[in-house]
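# kindly return the folded structure for what I paste below:
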Amino acid sequence: MDKNWIEDIKKACQVMQDGGVILYPTDTIWGIGCDATNEEAVRRVYEIKHRADSKAMLVLVDSAVKVDFYVQDVPAVAWDLLDVADKPLTIIYSGARNLASNLLAEDGSVGIRVTGEEFSKALCFRFRKAIVSTSANVSGQPSPRTFAEISDEIKNAVDYVVEARRTEAGPARPSSIIKLGQGGEVKIIRP
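Next up is the predicted model:
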């Protein structure tokens, strides 16, 4: 891991621990994040995005093992999907638990992505809780593919902007999204 990231990760974790909101690079695009168990912090993310809180947001974790902590009954097919995924995959699970209630969809489901990207994985590992991950844009505007494309409105609204990976210009893309229903039903939301 890049040695410069260590302090950056410590600062980001402290801000989230204190209920703050961060702007950070993920395994897909730059995201707005906070402690996924803190309802007040989650409410601030909705405010920053000018987004109705009836629209659920996904969370990042650093390990598939942590999915069990946030989902009451993980369908067996989820483990198979996580094993074979060759690009970032968000799975929407029914029966979310141990998360801020205003983060969940009206049906009680939540989208969880296990990040394999080095920075966001280290951030999740150090924070030891799920982290909200929603695109770094005002709702309805295009998702920024690079740090340079993030609006000043978003940058100025968060409590901490991560230093890592700001200069990358790669073609970042959102994750695939799959919703798992009762009885192992698999619905592709975004390929």
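
# go ahead and flag the most central residue of this protein.
S133 (2.3 Å; Cα atoms, centre = their mean).

# touching, that one and M57? I think so.
Yes. Counting by Cβ atoms under 8 Å, S133 touches M57, with 7.4 Å between them. (Glycine included, C-beta is placed from N, CA and C.)

# please list all residues in contact with V61.
Counting by Cβ atoms under 8 Å, 6 or more residues apart in numbering, V61 touches 67, 70, 112-115, 124, 130-131.

# ok, of these, which one's closest to L89?
R113 (6.6 Å; Cβ to Cβ).

# run a quick neighbour tally on the closest one.
Around R113 there are 25 other residues, counting by other Cβ atoms under 10 Å.

# gap between it and M57?
According to Cβ to Cβ, to the nearest Å, R113 and M57 sit 11 Å apart.

# G184 - nearest residue in space that isn't next to it in sequence?
Using Cβ to Cβ, 6 or more residues apart in numbering and skipping residues adjacent in sequence, the residue nearest G184 is V77, 4.9 Å away.

# what about that neighbour, which SS state?
The three-state assignment at V77 reads helix, by DSSP: H, G, I helix; E, B strand; the rest coil.

# thought it was touching Q182?
No. With contact defined as Cβ under 8 Å, V77 does not count as touching Q182 (11.7 Å).

# out of these two, which sits in the busier spot?
A direct count of neighbours by other Cβ under 10 Å for V77 and Q182 places V77 higher, at 15 against 9.

# which ones are touching that one?
V77 is in contact with 180, 184, 186, counting by Cβ under 8 Å, 6+ apart.
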